[in-house]
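# could you look at this predicted model? Sequence included:
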Amino acid sequence: MRATLRRITLVVWIGVAPVAVSEDLASVIHASFSDSGQATLMRLEQDPLQQRCSQPRDERVDDDIAMALRQERLNAVVFPEDGNFLGDWQRGSAVAASGRGLQSNDDPSIANGGNCYACHQLAPTEVAYGTLGPSLTQYGLRGQSEAMLRYTWTKLWDTHAFNLCSHMPRFGAQKILTEQQLKDVMAFLLDPNSSVNQSAEGPSSAH
Amino acid sequence: MAGRIKIRAQKKGELTEVKALMRHPMETGMRKDQAGESIPAHFITEVAVLHGDQTVMQAHWGAAVSANPFLGVRFQGGQSGDAVRVVWTDNQGGTGEGETTIR
Amino acid sequence: MRRQSDDAMTLYRFVMMIPRWWLLLLMVVPALADEGIFDQYRDLMGDDNPAIFVIDEGEEFWVQSQGPSAVTLEACDLGLGAGVTRGAYAQFPRYFADTDRVMDIETRLLYCMETLQGRDREVIAAKPYSLRGDFGTELEALVTWLAAESEGMTIAPEQAHPKERAMYAMGEEIFFYRAGPHDFSCATCHEQSNKRIRLQQLPNLTEHTEVAEAYGSWPAYRMSQGLVRTMGWRLQDCFRQQRWPGLIFGSEVSIALQTYMAVNAAGGVMTAPGLKR
């Protein structure tokens, strides 16, 4: 609906003089891009979530549509079939550090990374971290209750289940990371031995 | 293209400041092309800056210097109107040079 | 196709350019690590940047006879009249009556190369930007020189014509358009202030002061590239990192986004060619 409103606004604004302007933004976008490596034009087709979230931060409205979308995302989360949420934190650390994957110049046969450090602080000894997302240092202090495991998994799988229109990628729902990689990232966050949960000076005894 | 050097030389107090941009691929020899073949090493090995007949700087370069090297040098002396040259030789026997006058 | 070894070698070369002791600074002072170290590098380089030489190259291309017509670009109309280059860049993107469309500086140059010099636009458009290790393309050099011809001037893209205003509106829509497997839009990185990705500060392109500084400093010599890069190139590289398909050179999306940024930046000052990491 928001996209339609914007299109109407566009037409009204330029209504003073008759001009041939494409009202179909999607077709203009489509014509401006070409297939490149594994990044094909199909990627430009928006799903309902992307459509809903394509507007400025301060124009987002928390209405019934938003509520319904959030619930739908929550219902669509796929939890590990074996019920085991935690993998290997060292492998998870490598996933977090790797920024490769799904770009036009990336080799599709190489595993994708999560690129977590692009946006988050994680292990306190790693200074090259971004600030687009909150710091996750010492995340493991939250413990490993069933609720915390499910919450963390859901955030990784599809953050929109809790925070609609967040800019964090949907690592599970969009198949960016495999189930095993997600488990490894879970361990990177929650394992008390993980580098994320150490103090800057050395190993922590907090559990 | 290879052999092209652009130079500026300017008096700054007692010093003459020389800046030069060299066009050179500076291939390390470690890269492979699309077919998987090694791209041959091709990089500048010797660079010199001359003020008139005098060599004011001489350097041995290697593969670690980036493509299209940008060189900055300051030396004592030099007067406006003096000739300054930059010359280089690469590992494949190629050469380049450029000349300017001090402003 | 770039490979990991290429990236590693590029990083190695870049690191070798920096005096070694600065790497220690990078490790022990995280607060400075985002831009402080590059400010110091800039000071060391003085008031020149390697782009000064690319400016000269651009001017040489402007007066060089090329193409089947064996003519220079000196009659090219960049919006201020045939051959007027002073201040032209600062007023792009703009509507041109002879093409009945809004154009950015790169598409306008391509148009002049085609119509004045008789050159094949497809050939130029096939490789407008350098690949790593190249010497810089003609287009990059021309854009650099033209930007320098507007240095110090006020950013003032034309918005009088309805098509110019429509281009701005479209640019704004595209800016927030989320797509691809990561659901990224331009806004993902560029709608907030004081954020960074890894250690790279991100300008808020919706906020006037920040977008003016960002827009006004392109084209720029990119130290990591060893080349001057244009705004058109920057947009292509953004979309690659956003996991989108390839942005076509001179496309409507490219022009629209440049219009969006230029208008948001209007009133700011052109400082290009800039010097960036």
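Done, it's in.

# name the SS class of the residue of chain B most remote from its centre, please.
Ranked by distance from the centre of chain B (CA atoms, centre = their mean), the top residue is B:Ala35, with 31.5 Å. Under DSSP: H, G, I helix; E, B strand; the rest coil, the three-state class of B:Ala35 is coil.

# show me where chain A has strands.
Under the criterion DSSP state E, chain A contains strands at A:33-34.

# lowest average confidence, helix or strand, in it?
Ranked by mean pLDDT, DSSP states H and E, the weakest helix or strand in chain A is helix A:2-13, scoring a mean of 46.

# so where's chain B uncertain?
Chain B contains residues with pLDDT under 70 at B:1-3.

# how about a cut-off of 50?
Low-confidence segments of chain B, defined by pLDDT under 50: B:1-2.

# does any bit of stretch C:91-107 sit next to chain A?
No. Stretch C:91-107 stays clear of chain A (CB under 8 Å from any CB of the partner chain), getting no nearer than 9.0 Å. Heads up, the C-betas are built off the backbone N, CA and C, glycines and all.

# which parts of that stretch are buried?
Neighbour-count burial for stretch C:91-107 flags C:91-96, C:101-107 (criterion: 16 or more other CB atoms under 10 Å in any protein chain shown).

# buried ones in stretch C:160-167?
Of the residues in stretch C:160-167, C:His161, C:Pro162, C:Lys163, C:Glu164, C:Arg165, C:Ala166, C:Met167 count as buried by neighbour count, 16+ other CB under 10 Å.

# just checking, the last one touches C:Ile255?
This means C:Met167. Yes. If you go by CB atoms under 8 Å, C:Met167 and C:Ile255 touch, sitting 6.4 Å apart.

# what is in contact with those two at once?
Common neighbours of C:Met167 and C:Ile255 (criterion: CB atoms under 8 Å, 6 or more residues apart in numbering or on different chains): C:Pro93, C:Val102.

# count the residues that sit near the closest residue to B:Leu21 other than its chain neighbours.
Spatial nearest neighbour of B:Leu21, excluding adjacent residues (CB to CB, 6 or more residues apart in numbering or on different chains): C:Phe53 at 3.9 Å. When neighbours are defined as other CB atoms under 10 Å in any protein chain shown, C:Phe53 has 27 of them.

# check contacts around C:Ser185.
By CB under 8 Å, 6+ apart, C:Ser185 lies in contact with A:Ser54, C:Phe175, C:Phe176, C:Tyr177, C:Arg178, C:Ala179, C:Gln242.

# do I have it right that A:Arg43 meets C:Ala179?
Yes. Contact criterion CB under 8 Å: A:Arg43 and C:Ala179 qualify, at 6.1 Å.

# next up, the contacts around B:Val47.
So B:Val47 contacts B:Met22, B:Met57, B:Gln58, B:Ala59, B:Trp61, B:Leu71, B:Val86, B:Val87, B:Trp88 (CB under 8 Å, 6+ apart).

# next step: those restricted to strands.
When DSSP E is applied, the contacts of B:Val47 are split such that B:Met22, B:Met57, B:Gln58, B:Ala59, B:Leu71, B:Val86, B:Val87, B:Trp88 fall in strands.

# quick check on these: which are buried?
Of these, these count as buried by 16+ other CB under 10 Å: B:Met22, B:Leu71, B:Val86, B:Val87, B:Trp88.

# give the contact list for the last one.
Same thing as B:Trp88. B:Ile5, B:Met22, B:His24, B:Ile44, B:Glu46, B:Val47, B:Ala48, B:Thr95, B:Gly96, B:Glu97.

# show the buried residues in those.
If you count burial by 16+ other CB under 10 Å, the buried members of the contacts of B:Trp88 come out as B:Ile5, B:Met22, B:His24, B:Ile44, B:Val47, B:Gly96.

# quick one, phi/psi of the closest residue to chain A within chain B?
Of all residues in chain B, B:Gln34 sits closest to chain A, at 12.4 Å by CB to the nearest CB. The phi/psi pair for B:Gln34 (degrees, to the nearest 10) reads phi -60, psi -30.

# which strand or helix spans the residue in the stretch 51-200 of chain C that chain B sits nearest to?
In the stretch 51-200 of chain C, no residue comes nearer to chain B than C:Phe53, which is 3.9 Å away by CB to the nearest CB. Using DSSP states H and E, C:Phe53 falls within helix C:51-62.

# which SSE is immediately downstream of that helix?
Following helix C:51-62 in sequence order, the next helix or strand is strand C:94-96 (DSSP H and E).

# sheet-wise, list the partners of the very next helix or strand once past that next one with their directions.
The helix or strand immediately downstream of strand C:94-96 is strand C:101-103, counting by DSSP H and E. Strand C:101-103 pairs in its sheet with strand C:94-96 (antiparallel), by DSSP bridges.

# touching the partner strand from outside, list them.
Identification of contacts with strand C:94-96 by CB under 8 Å, 6+ apart yields C:Asp77, C:Gly79, C:Arg101, C:Val102, C:Met103, C:Arg108, C:Tyr111, C:Pro157, C:Glu158, C:His161, C:Lys163, C:Glu164.

# mean confidence for that strand?
The average pLDDT for strand C:94-96 rounds to 98.

# pretty sure C:Gly250 belongs to a helix, no?
No. Going by three-state DSSP, the assignment for C:Gly250 is coil, not a helix.

# that one and chain A: what is the separation?
C:Gly250 is 9 Å from chain A, where distance means CB to the nearest CB, to the nearest Å.

# list the contacts of that residue.
C:Gly250 makes contact with C:Asp104, C:Glu106, C:Thr107, C:Leu110, C:Ala125, C:Pro128, C:Gly232 under the criterion CB under 8 Å, 6+ apart.

# what of B:Pro25?
Residues counted as contacts of B:Pro25 (CB under 8 Å, 6+ apart) are B:His42, B:Phe43, B:Ala67, C:Gly133, C:Asp134, C:Phe135.

# chain neighbours aside, what residue packs nearest to it?
Excluding its sequence neighbours, the residue lying closest to B:Pro25 (CB to CB, 6+ apart) is C:Gly133, at 4.8 Å.

# leaving out sequence neighbours, find the closest residue to residue 74.
Going with chain A. In this structure, A:Leu74 finds its nearest non-sequential neighbour in A:Ala161, 4.0 Å apart by CB to CB, 6+ apart.

# you looked at the wrong chain, it should be chain C
Closest to C:Glu74 by CB to CB, 6+ apart is C:Gly83, at 5.1 Å.

# what residues does the stretch 51-200 of chain C have near chain B?
So the stretch 51-200 of chain C meets chain B at C:Ile52, C:Phe53, C:Val54, C:Asp56, C:Glu57, C:Arg132, C:Gly133, C:Asp134, C:Phe135, C:Gly136 (CB under 8 Å from any CB).
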